[in-house]
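# sequence and predicted model, in that order:
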Amino acid sequence: MNLNDKQLEYLKNAPNFEEHLQQKLQDADFQKQWLELSLQEFLNDGNIDYFVQTLTKVVKSRGRGEIKRLAEVSDIDRGNLSEILNGKITPRIDTAIKLIRGLGYECDIKLKSA
């Protein structure tokens, strides 16, 4: 596929995905929606990795001191929280709910018939 000069210029100046994501993460509504989506995916398929990645990006987007603050308000050991955010350990569901609440959100899990 050949691109014309205008398309090449657009691609050259377009933000990359990570830059775009960092911009979006400055919006609290986007953070909430992304956490909701990733939590729902975890509840549907049991794969917690995407949820932890989302959680990590949200926490890091909130800036310096957020890990310490989140650990304190969630009553989670700071070292354990760092290990969760670095992908070294997988949080239990109760820990994930504590973290969601620590970020300022409520968590409502609904059961439905299979």
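Great, that's in hand. Quick caveat: nothing in here was measured; it's all calculated off a predicted structure.

# how close does the closest residue in space to residue 47 that isn't next to it in sequence sit to residue 34?
If the residues on either side of it in the chain are set aside, residue 47 comes closest to residue 41, at 7.3 Å by C-beta to C-beta, 6 or more residues apart in numbering. From N, CA and C alone the C-beta is placed, and that goes for glycine too. Distance of residue 41 to residue 34, given as C-beta to C-beta, to the nearest Å: 11 Å.

# what is in contact with those two at once?
Common contacts of residue 41 and residue 34, defined by C-beta atoms under 8 Å, 6 or more residues apart in numbering, are absent altogether.

# list the buried residues in the helix or strand encompassing residue 59.
Assigning secondary structure by DSSP states H and E places residue 59 in helix 49-61. By neighbour count on 16 or more other C-beta atoms under 10 Å, the buried set for helix 49-61 is 51, 52, 54, 55, 57, 58, 59, 61.

# do stretch 65-76 as well
Applying a neighbour-count criterion of 16+ other C-beta under 10 Å, one finds 66, 67, 70, 71, 74, 76 buried in stretch 65-76.
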